[in-house]
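1. Sequence first, predicted model second:
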Amino acid sequence: MNKSELVKRVAEKLDDIPNKIAVKAVDAVFQSIQEGLEEDGIVKIGQWGTYTLDDFQ
């Protein structure tokens with residue numbers, strides 16, 4: 001799945017919101033993850049796992 005496909009799925013799951021809004025939502029999630037990594041060096045997302053800066057370098 002690429003970003004465009006993810007945006008489409010998010011839009012569909014949120015009662016077919018406009019793609020422009022779904023893009024903002026997806027970007028906000030990834031930006032928040034990035035900020036968490038930069039600030040704390042780790043992000044834990046329930047069943048999805050724990051991510052550290054080492055995972056992205």
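-> Right, received. Where do you want to start?
2. Give me the spatial nearest neighbour of residue 45, chain neighbours excluded.
-> residue 51 (7.4 Å; CB to CB, 6 or more residues apart in numbering). The C-beta positions use only the backbone N, C-alpha and C, and glycine is treated the same way.
3. Can you name the residues that contact that neighbour?
-> Residue 51 sits next to 33, 37, 42, 43, 44, 45 when contact means CB atoms under 8 Å, 6 or more residues apart in numbering.
4. you'd agree residue 42 is up against residue 50?
-> Yes. Contact criterion CB atoms under 8 Å: residue 42 and residue 50 qualify, at 6.4 Å.
5. The two: who's more crowded?
-> Just comparing residue 42 and residue 50: by other CB atoms under 10 Å the higher neighbour count belongs to residue 42, 13 against 10.
6. Specify the beta-bridge partners of the more buried one.
-> residue 52 (DSSP bridges).
7. Could you tell me what pLDDT the model assigned to it?
-> Confidence at residue 42, expressed as pLDDT, is 94.
8. Please apply the same query to residue 57.
-> So, for residue 57, pLDDT stands at 70.
9. before we move on, what about residue 53?
-> For residue 53, the pLDDT comes out at 84.
10. And the helices in this structure, which stretches?
-> Secondary structure of the chain (DSSP state H): helices located at 3-13, 19-40.
11. Could you dump those into TSV with mean neighbour count and distance to residue 56 added?
-> Compiled in TSV, the helices of the chain are given as follows (neighbours: other CB atoms under 10 Å; distance: least, CB to CB, whole Å):
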stretch	mean neighbour count	distance to residue 56
helix 3-13	13	16
helix 19-40	13	7
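12. Could you say which one of these comes nearest to residue 57?
-> helix 19-40 (10.3 Å; CB to CB).
13. what's next to that closest one, contact-wise?
-> If you take CB under 8 Å, 6+ apart as the criterion, helix 19-40 is touched by 3, 6-8, 10-11, 14, 42-43, 45, 51-53, 56.
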